[in-house]
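Engineer: test case, fold it:
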Amino acid sequence: MKSKRWKIVRRTLYSLVAIGMVVPLLAFMVAYMAEDVPRPGDMKTNQVATIYASDGSTVLSTIVPPEGNRTDVAIDEIPVHVRNAVLAAEDRDFYSNPGFSISGFARAARDQLLNKPSAGGGSTITQQYVKNAMVGSEHSYTRKFKELVISAKMARQWSKDDILAAYLNTIPFGRGVFGIAAASEAYFDKPVEQLTVEEGAVMAATIQQPYGLDPSTNPTGAESRWNYVLDGMVGANTLDAGQRAGMAYPYVVPLSEVDSGAVGTGPAGLIRNQVVKELEANGINEQVLNTEGLQITTTIDDQAQQAAVAAVTDNMEGEDPNIRTAVVSVDPKTGGVKAYYGGTEGSGYDFAQAGLQTGSSFKVFGLAAALDEGIPLSKMYDSSPLTLGGVTINNAEGASCGVCTIAEATKRSLNTSFYRQMMSIENGPEKIAAIAHKAGIPEQIPGLAGTTLQESNGKSEYGIVLGQYQSRVIDMASSYATLAASGVYRAPHFIQKVVTADGTVLLDRGASVAGESRLDAAVADNITSALEPIAAYSRNHGLAGGRPSAAKTGTAQLGDTGENKDAWMVGYTPSLSTAVWVGTEQGLPLQNSWGGLMYGSGLPSDIWKDTMDGALEGTDVEQFPEPEPIAGQAGVPAYTAPYTPPKTTAAPPSSTASPQLTIPPMEVTQTPVEILPGVTIPIPGLRPAPTTQTPPTTEGPLPGQPTTGEEDDSGMTGQDYGQAVPQGRGW
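Structural biologist: The predicted structure is shown next:
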């Protein structure tokens, strides 16, 4: 009986397996018969894509698909070494596979099932051509199945050389060009027939990410992929290992010198570039961008954008023509980029994406690390010069507050106080780096090798608290936005919604963007409290109408020359965070229009204030939240330095036990006495002299304020503290 049941089960399983094999096979055969094999011209008609501001009506830029930038070339016009490089990069079994990859299809199916954003990978060259020419890049089983069928049929009806030629004549290469011939001109300003082995490998390396691996914007990633291609050619025996060893990365025409075919000049062109990158990162490739008539609504606020451009234009007038600037404004409540200025040329270098030394604007992360360790804003540190290992650390222009609270040192931007605070924290530099990454400073920046905020050994140096390491303008705006949002991080982005010409929604972020709580709210809000006085204190850059803001200036020195090379102002309100950088391409000394040293409190703060005032004009004045206490202190303390009791001239009490007779000092007096009518003479006398002792006072230290002469938990005594709190300027 048991044997009979098992026989039924076994036959059922066999039947299911057979059905599972037969049904897909029959479906494949039916589809195979029904589908037509495309020709190179079987592509959708190109359509213009329009980029709008956040209002959905103001046009920022348009992307005009190139109508004459693709020139078909025969396979024998493409050098053999270029073809071999493409095969090494994209499909090393091209000449032997049946047009599709079963393992690649299986990976794509798995990723689709798991809803991974990379679903659809693992394609052969034949499949890639079919995808670009016929079926698109939608992540679905149906699309992948159709691609598989057409690829298999094409592999039987076309020669491999015809497929490779069609592929190389139609695929996107970035820079607004399609096809290997146009790409050769865009990258090397020469016909494809003249490409060297090294140049051909650059072309092949770019195919994987046409915009993400452009040597002008991501030289590190581009060269890494280039090495992968050349090594693959050696492995396939199409390149001699000795020849490979002597190769160097070739010169590539800068992106700024390439006509991209975009409508939208100036800063709007740089916004366009960021939009295209973000589209690609969200699975909307160049083929879709140029064929679907996309309507792209960005997060850019037209009022804020105009304010930023006007602030730069007005304040840069009369300055050294070598000076460059970048401005980025981010909404702390969504992460949306509200204003973006990376340079004057839409096809030029984007300084908002450049790695730059941040100077004292990075001190907020030192403050964050200390607050996170339970060290309040009332903690006092010596601000005198500090010498370590033969290196002396000073404050700008010799500023000092004696020994004062870290809140006061923040307002005055005192290097020595922050350095001492960092040294008091175990693994201080690493903790500062970690909390900066949490706030929004990325661990990798395109074009910069290694991990940000650390050395090649994985450690961070003490100079981190003074802005030794590089960050981008967009990342500083974003990380300060995290502080404005009470520690909630939202990734900066440019795109709100993408819709095709026929109304299909490809991307929609919705009205609200979920954030991630990265920093304790008490930490973020106490930092805000410490930064609130700075804009007004720093050369009167408080916002219009007394609108509350939190800000920090920063200046990076040019080695030991006594000059400055980078100047920053970064600050926020509850609804807008803006970072401003001023510097030069060559790292030249920064001087203002009258020849003086430039600091963050100068031109960058002028641009910051005008940008913020213009962007926020007509909006509600918002208040920052009241910070929760850390170690008993909430926000900036009412005192700045230790309390010093009033001095007196009274004699100190005797140290002897027996009482002593105290004789007060005497004073000789003269009293007039009348001896005859109308006649008086002075009569001498004695009386105690008036005391100079100060009368007792009822004043005393404020709650939590240490008193001079007492020792606090840092081991400093009143003699260490000092009393002077001179006026100064924030840098």
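Engineer: quick one: strands adjacent to the helix or strand where Met569 lies?
Structural biologist: For Met569, the element it lies in under DSSP states H and E is strand 564-573. Strand pairing for strand 564-573, using DSSP bridges, gives strand 550-557 (antiparallel), strand 576-584 (antiparallel).
Engineer: wait, which of those is closest to Leu60?
Structural biologist: Leu60 sits nearest to strand 576-584 of all the strands paired with strand 564-573, at 18.8 Å, using C-beta to C-beta. In short, each C-beta sits where N, CA and C put it, glycine included.
Engineer: what mean pLDDT does that closest one have?
Structural biologist: Summarised as a single mean, pLDDT over strand 576-584 is 97.
Engineer: where does this protein dip in pLDDT?
Structural biologist: 1-5, 7-36, 38-46, 66-70, 102-122, 134-145, 259-265, 648-698, 709-731 (pLDDT under 70).
Engineer: domains in it, by residue range?
Structural biologist: Using automatic domain parsing, the domain ranges for the chain come out as 68-257, 306-616.
Engineer: one step back: columns mean neighbour count and distance to Glu628 on top of the strands paired with strand 564-573, output as CSV?
Structural biologist: Compiled in CSV, the strands paired with strand 564-573 are given as follows (neighbours: other C-beta atoms under 10 Å; distance: least, C-beta to C-beta, whole Å):
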stretch, mean neighbour count, distance to Glu628
strand 550-557, 27, 16
strand 576-584, 29, 21
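Engineer: show me what contacts Gly348?
Structural biologist: By C-beta atoms under 8 Å, 6 or more residues apart in numbering, the residues touching Gly348 are 256, 270.
Engineer: check His493 too.
Structural biologist: Applying C-beta under 8 Å, 6+ apart to His493 gives the contacts 278, 299, 335-337, 509.
Engineer: narrow the residues you listed to those in strands?
Structural biologist: Judged by DSSP state E, strands contain the following of the contacts of His493: Val337.
Engineer: which SS class is Glu699?
Structural biologist: Classification of Glu699 using DSSP: H, G, I helix; E, B strand; the rest coil returns coil.
Engineer: quick check: it vs Gln47, distance?
Structural biologist: Noted for Glu699: a distance of 77 Å to Gln47, by C-beta to C-beta, to the nearest Å.
Engineer: which one of those two is surrounded by more residues?
Structural biologist: Gln47 (17 against 8; other C-beta atoms under 10 Å).
Engineer: the more buried one and Gly293 touch, don't they?
Structural biologist: Yes - using C-beta atoms under 8 Å, Gln47 is in contact with Gly293, at 3.6 Å.
Engineer: please name the residues that touch the residue nearest to the spatial centre of the chain.
Structural biologist: Closest to where the C-alpha atoms of the chain average out (C-alpha atoms, centre = their mean) is Asp475, at 1.7 Å. Going by C-beta under 8 Å, 6+ apart, Asp475 touches 440-442, 445, 492.
Engineer: what's the most distant pair in those residues?
Structural biologist: Ile445 and Pro492 (13.3 Å).
Engineer: more neighbours: which of the two?
Structural biologist: Pro492 (23 against 20).
Engineer: on that earlier part again, save the strands paired with strand 564-573 as TSV, and put in distance to Thr196 too.
Structural biologist: Converted to TSV, these look like this (distance: least, C-beta to C-beta, whole Å):
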stretch	distance to Thr196
strand 550-557	40
strand 576-584	34
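Engineer: nearest to Leu195, of these?
Structural biologist: Nearest of the strands paired with strand 564-573 (C-beta to C-beta): strand 576-584, 35.1 Å.
Engineer: now the next helix or strand after the closest one: how far from the chain's centre is it?
Structural biologist: Note on strand 576-584: by DSSP H and E, the next helix or strand toward the C-terminus is helix 603-616. Going by C-alpha atoms, centre = their mean, to the nearest Å, the spacing between the C-alpha centre of helix 603-616 and its chain's C-alpha centre is 19 Å.
Engineer: just want the angle from helix 603-616 to strand 564-573.
Structural biologist: Angle between the axes of helix 603-616 and strand 564-573 is 30 degrees (criterion: axes from the mean of the first three to the mean of the last three C-alpha atoms, to 10 degrees).
Engineer: for helix 603-616, buried residues please.
Structural biologist: Using 16 or more other C-beta atoms under 10 Å as the burial criterion, the residues of helix 603-616 that qualify are 603-612, 614-616.
Engineer: need those residues in TSV (columns: distance to Pro79).
Structural biologist: Shown next, in TSV, are the buried residues of helix 603-616 (distance: C-beta to C-beta, whole Å):
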residue	distance to Pro79
Leu603	51
Pro604	50
Ser605	55
Asp606	55
Ile607	50
Trp608	52
Lys609	57
Asp610	54
Thr611	51
Met612	55
Gly614	54
Ala615	53
Leu616	57
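Engineer: and of the residues you listed, the nearest to Asp566?
Structural biologist: Among the buried residues of helix 603-616, and counting by C-beta to C-beta, the member closest to Asp566 is Pro604, at 9.4 Å.
Engineer: burial count for the spatially closest residue to Gln353 that is not a sequence neighbour?
Structural biologist: Nearest residue to Gln353 in three dimensions, chain neighbours excluded: Arg472, at 5.7 Å (C-beta to C-beta, 6 or more residues apart in numbering). Counted with other C-beta under 10 Å, the burial measure for Arg472 works out to 28 neighbours.
Engineer: got the contact list for Arg472?
Structural biologist: Contacts of Arg472 by C-beta under 8 Å, 6+ apart are 352-356, 445.
Engineer: can you report phi and psi for Lys497?
Structural biologist: Phi and psi for Lys497, reported as degrees, to the nearest 10, are phi -160, psi 140.
Engineer: and it, bridged to which residues?
Structural biologist: If you apply DSSP bridges, the partners that Lys497 bridges to are Thr297, Asp508.
Engineer: run a quick neighbour tally on it.
Structural biologist: Neighbour number of Lys497 under other C-beta under 10 Å is 18.
Engineer: pretty sure Val327 contacts Thr611?
Structural biologist: Yes - contact criterion C-beta under 8 Å: Val327 and Thr611 qualify, at 5.8 Å.
Engineer: common neighbours of those two, please.
Structural biologist: Here Val327 and Thr611 have 308, 311, 339, 578, 580 as joint contacts, going by C-beta under 8 Å, 6+ apart.
Engineer: the third one: which element?
Structural biologist: Which is Ala339. Ala339 belongs to strand 337-341, assigned by DSSP H and E.
Engineer: repeat that for the second one.
Structural biologist: Per DSSP H and E: Ala311 is located in helix 302-316.
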